[in-house]
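Undergrad: return atomic coordinates for the entry below.
(2 chains)
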There are 2 protein chains.
Amino acid sequence: MITARPAKVWDLPTPVLLVDADALEDNIAVMAAVLPGERLRPHVKAHKCTGIARRQAAAGHRAFTCATIRECEGMAAAGLGEDLFLANEVLDATRLGDLVRAGSRVTVAVDSPQTIAAAAAGGVPEVVIDVNVGLPRCGCAPGDAGRLADQARAAGLAVRGVMGYEGHVVGVEDESARARQCATAMGLLLAAHADVGGDLVSAGGTGTYACNTWATEIQAGSYALMDTAYGRLGLPFIQAVFVLATVVSASPEYAVADAGLKTVGMDHGNPQIEGATVWFCSDEHTTFAPPRRVGDKVRLVPAHVDPTMAYHDRLYVCSGDDVVDVWPVDLRGWAKAD
Amino acid sequence: MITARPAKVWDLPTPVLLVDADALEDNIAVMAAVLPGERLRPHVKAHKCTGIARRQAAAGHRAFTCATIRECEGMAAAGLGEDLFLANEVLDATRLGDLVRAGSRVTVAVDSPQTIAAAAAGGVPEVVIDVNVGLPRCGCAPGDAGRLADQARAAGLAVRGVMGYEGHVVGVEDESARARQCATAMGLLLAAHADVGGDLVSAGGTGTYACNTWATEIQAGSYALMDTAYGRLGLPFIQAVFVLATVVSASPEYAVADAGLKTVGMDHGNPQIEGATVWFCSDEHTTFAPPRRVGDKVRLVPAHVDPTMAYHDRLYVCSGDDVVDVWPVDLRGWAKAD
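TA: Numbers count the residues shown, from 1 in each chain, chains lettered A, B, ... in the order given. Now for the predicted structure:
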C-alpha cells in the first residue's frame, strides 16, 4: 500500500510521523535486558504498529498485550498471534473466537458474569480475571476474583491467572512514592491471585517496569517510543517518535508549524519543540516562539504517545537524516479490517 | 470498501461514530437559510467526510474551504472541486497544481513571499492574501497585505481577495462581546482588503456566522455536526455527532464505557454523557457516574468535533434507531491517498 518514499527525512511532505530507528532499538534492548522474554508482554496499544511489534518479537517477546479486538486481529494477521492477551473487557467475543479457530492463542480479560459469558459464547477458551487495584476503571473488586474464577471454570474456560493495572501509579513522578504505591496495588493483586490461581500475574507499565517485582509479566508499551509525560520520570528510555513539521508562517514574535492537534494526542497537554515554547495548537498548526524561518523544519514531541499514533496511517523509520523504511500504523480503528 | 452494516444502531460494534441524519439536515438547512449559496464556504476540516460535503452542496454551497492538501484532493476526487479554497499556507503546491491541471478550481492562501513562490511554482493560478486579524497563527500583518498582493500579481497569480480568520473570537461565550471583537477583527481585514482588491473577503466560523456581516463568505464547518464547546454558545445548531459506546464494566460507584480518548478530540476537555458525570478518559475507556449496567449503551458528545472525526475511518448515519447509511471519513491524513 505504501510504496514511494523520499530518501531523506527533510524531503518528506509534512506533517509526518518519524520514528528514530536507533532510539527504538535502544529502548527495546534496554527493556529486554531488564525484562527478557516472557517477563515482558509488550502492549501494542502504545504504537499500534506490527512493524514495531516485530522488533519487540525479535528481542525475545513473543506474547503481546492488546487493548482492542482490532489490535488482536492485526497482530494475528501479521503472524504475531502466538499468545495475545486482550487486557480489556468485551461483551461480544465472536471475532476473538474467530482468531482462536484460525490458530491464534487468545486470552481475554473478564471482570463480570457478562464478560465470562461472552468469552464462552464467542469461543475464547482462556481468560484472566481482571482485578481493580486502585484505578477506577475495569476490574472486579479483589475479594470477588476467586468467585469469578470459579464461574469461569464452571463455564468451561481455563483461567490463566489475574491482571491488575496500576494505571494510577505509573505516572507518579517521585520514584519512591511510585514504588510504594505500586507495592500497595500489587498487594491487592497477589491476594486476588491467591484466590484465583493460574500462572499469570499480569500488570505494570512503562512507569513501573522496574519497581513492579510482583507481576510475572509487565504490560509496558510506551517505553518503545516514549513521550514527554514518561520523559519526566527519569527512565532509561529515550524519545523515539516525533511529528516532523514545516514552518509555514512566521512573524517577528512567533512561528507557525504545519502540524497541529490532529497529529498529536492532546489529553496530556501540548507537544514540545526543543529550544522553543509552544503557545498553542490548532487543528493543523502549532504556534511557538522564538520564531523560526519559513521553510525550517521542527520536530514535535508528543505529550502522550498512544493517541498520537492513532492519528497517523504510517510512520517513517529514520536513521539520522536517512529514511530507511515506512511502516503502516496498521492496528488503528475498531472495525474488522476491510 | 465499507459494506456490511447492522440495521439498528444498538447492534453496531462499539466504539463507533454516529451521525444523526435529521440533526445534520436541520443544521445544514438552518445555516443555508441564513447564509445561502456562496455566502457560506463550508469548511470540510470539521467533518473530513465527502458524504457530509455532498449534503452541504445539495443545500446550495458549491465552494468549499479546506485545511490540508489531502482534503482538497479528496474533495476533487468526489466531484466537489468546483471552487476549493485551501485556507492554509503551503510551501509545496505541486499536488494542488495537479488538481488544477486535472480540472478543479483551487485557490490557496498566501502570507509571505515563500508561499507566493510556492503557488506559482506548483501551478496554482489563484491566491487569497491571508491576513492576521488577531489570532497569532498564519496571516501577514494587515499593513503588508497590499504589498504581498502586488508580489503575487507580479508572479502571474490572480488575487481573489483576502481572508482573516477570527479564531480568537469564535468561542467567546458572551454574544455581544463576541460581536464586538468580531467587528474589530473584520475592521483589520477590510482595511487590508482595500489595499488588496478582489471579490473575496473570506472569514468567520460557526461562532461568528451570524454576527460577521463584513465577510463576503463565511468559512463555518462545525455547525453541521457540533460539539460541546460550540454547544455552550446558544447557537441554533443541534448536536449531530456522537460516539456510541457500550458499558463493559461497572462498580457500585461508576461505570466504564468502551470508548476513550482515542475516539474523541481531547484538547477542549472530556466528552460529555447525558445524565452522567465523566470522571476521566483513558485510551479505550471512559469512566463515569452514576453507574449504568454492563451492556448498556451510552453516547459520548465530543468537546471538539474536528479532532474527533480524524480518529474514525467511517461514520454511521442513523435516523432514530435505524442505521440508514455508512460514509467513509475519507479526508483524513496528509499523504496522497494510495
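
Undergrad: parallel or antiparallel, list what pairs with the longest strand belonging to chain A.
TA: Identified as the longest strand of chain A according to DSSP state E is strand A:241-250. Paired with strand A:241-250 in the same sheet, following DSSP bridges, are strand A:16-20 (antiparallel), strand A:255-257 (antiparallel), strand A:297-301 (antiparallel).

Undergrad: please tabulate those strands in CSV, including the columns distance to A:L331, mean neighbour count and mean pLDDT.
TA: Backbone N, C-alpha and C define where each C-beta goes, glycine included. Shown next, in CSV, are these (distance: least, CB to CB, whole Å; neighbours: other CB atoms under 10 Å in any protein chain shown; pLDDT from 0 to 100):
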stretch, distance to A:L331, mean neighbour count, mean pLDDT
strand A:16-20, 14, 23, 98
strand A:255-257, 27, 28, 98
strand A:297-301, 22, 21, 98
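
Undergrad: closest one to B:L40 among those strands?
TA: B:L40 sits nearest to strand A:255-257 of all the strands paired with strand A:241-250, at 26.0 Å, using CB to CB.

Undergrad: mind giving me the packing neighbours of the helix or strand just after the closest one?
TA: Using DSSP states H and E, the helix or strand that directly follows strand A:255-257 along the chain is strand A:272-273. The helices and strands touching strand A:272-273, judged by 3 or more CB pairs under 8 Å, 6 or more residues apart in numbering or on different chains; DSSP states H and E, are strand A:297-301.

Undergrad: which of the strands paired with strand A:241-250 sits closest to B:A76?
TA: Going by CB to CB, the one of the strands paired with strand A:241-250 nearest B:A76 is strand A:16-20, 22.0 Å.

Undergrad: and the next element down the chain from the closest one?
TA: helix A:21-34.

Undergrad: need the contact partners of whichever helix or strand comes after that following helix.
TA: The first helix or strand that comes after helix A:21-34 along the chain, using DSSP H and E, is helix A:50-58. Residues from elsewhere that reach helix A:50-58 (CB atoms under 8 Å, 6 or more residues apart in numbering or on different chains): A:19, A:24-25, A:28, A:42, A:44, A:47, A:64, A:74-75, A:78, A:80, A:224-225, A:315, A:317, A:325, A:327-328, A:330-331.

Undergrad: cutoff 6 Å now
TA: Contacts to helix A:50-58, defined as CB atoms under 6 Å, 6 or more residues apart in numbering or on different chains, come from residues A:28, A:42, A:44, A:78, A:80, A:224, A:327, A:330.

Undergrad: distance across stretch A:62-80, terminal residue to terminal residue?
TA: Distance across stretch A:62-80, first residue to last, is 7 Å (CA to CA, to the nearest Å).

Undergrad: what's the average pLDDT for it?
TA: For stretch A:62-80, the mean per-residue pLDDT is 98.

Undergrad: verify the stated contact: A:V127 with A:V110.
TA: Yes - look at A:V127 against A:V110 with CB atoms under 6 Å: they come within range, at 4.8 Å.

Undergrad: what parts of chain A come near chain B?
TA: Residues of chain A lying near chain B by CB under 6 Å from any CB of the partner chain: A:1, A:15, A:45, A:67, A:89, A:91, A:111-112, A:114, A:136-138, A:248-249, A:254, A:256, A:261-262, A:266-267, A:283-285, A:287, A:294-295, A:306-307, A:310, A:313, A:333-334, A:338.

Undergrad: the residue lying closest to A:T68 once chain neighbours are set aside: how many residues sit nearby?
TA: Counting by CB to CB, 6 or more residues apart in numbering or on different chains, A:T68 lies nearest to A:W334, which is 5.8 Å off, once chain neighbours are set aside. A:W334: 20 surrounding residues under other CB atoms under 10 Å in any protein chain shown.

Undergrad: hmm, back to that, shared neighbours, A:V127 and A:V110?
TA: With CB under 6 Å, 6+ apart, A:V127 and A:V110 have common neighbours A:A119.

Undergrad: quick check: A:N132 touching A:G139?
TA: Yes - if you go by CB under 6 Å, A:N132 and A:G139 touch, sitting 3.5 Å apart.

Undergrad: neighbour-wise, which of the two wins?
TA: A:G139 (29 against 23).

Undergrad: rewinding a little: report the angle between the longest strand of chain A and helix A:50-58.
TA: With axes from the mean of the first three to the mean of the last three CA atoms, to 10 degrees defining the directions, strand A:241-250 sits at 150 degrees from helix A:50-58.

Undergrad: run through who's touching strand A:241-250.
TA: A:14-19, A:225, A:255-259, A:263-264, A:291-292, A:294, A:296-300, B:89, B:111, B:138.

Undergrad: packing partners for the biggest helix by length in chain A?
TA: Ranked by residue count, the top helix of chain A under DSSP state H comes out as helix A:175-196. The contact analysis (3 or more CB pairs under 6 Å, 6 or more residues apart in numbering or on different chains; DSSP states H and E) places helix A:175-196 against helix A:145-154, strand A:158-163.

Undergrad: so which residue is smack in the middle of chain A?
TA: Geometric centre of chain A, nearest residue: A:A46, 2.1 Å, by CA atoms, centre = their mean.

Undergrad: check contacts around that residue.
TA: A:221-222, A:305-306.

Undergrad: one step back: rebuild the strands paired with strand A:241-250 as CSV, extending it with distance to A:R105.
TA: CSV is the format used below for those (distance: least, CB to CB, whole Å):
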stretch, distance to A:R105
strand A:16-20, 28
strand A:255-257, 44
strand A:297-301, 36
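
Undergrad: remind me which residues of chain A are low pLDDT?
TA: A:1-4 (pLDDT under 70).

Undergrad: same thing but 80
TA: Filtered on pLDDT under 80, chain A yields the residue ranges A:1-6, A:338.

Undergrad: and it, split by domain according to the record?
TA: When chain A is parsed with automatic domain parsing, its domains come out as A:9-17+A:237-328, A:22-223.

Undergrad: closest one to B:A276 among those domains?
TA: domain A:22-223 (14.0 Å).

Undergrad: for the residue nearest to the centre of chain A, which non-adjacent residue is spatially closest?
TA: Closest to A:A46 by CB to CB, 6+ apart is A:G221, at 3.0 Å.

Undergrad: same question for A:A192.
TA: A:A145 (3.7 Å).

Undergrad: give me the helices and strands touching the helix or strand containing A:V100, please.
TA: If you go by DSSP H and E, A:V100 is part of helix A:94-101. Packing contacts for helix A:94-101, counted by 3+ CB pairs under 6 Å, 6+ apart, involve helix A:69-77, strand A:106-110, helix A:113-122.

Undergrad: of the ones you listed, which is nearest B:G171?
TA: Closest among the helices and strands packed on helix A:94-101, using CB to CB: helix A:69-77, at 34.3 Å.

Undergrad: relative to the whole chain's centre, how far out is whichever helix or strand comes after that closest one?
TA: Toward the C-terminus, helix A:69-77 is succeeded by strand A:83-86 as the next helix or strand (DSSP H and E). Here strand A:83-86 is found 14 Å from its chain centre; the criterion is CA atoms, centre = their mean, to the nearest Å.

Undergrad: how about strand A:83-86: buried residues?
TA: A:83-86 (16 or more other CB atoms under 10 Å in any protein chain shown).

Undergrad: no further questions, thank you.
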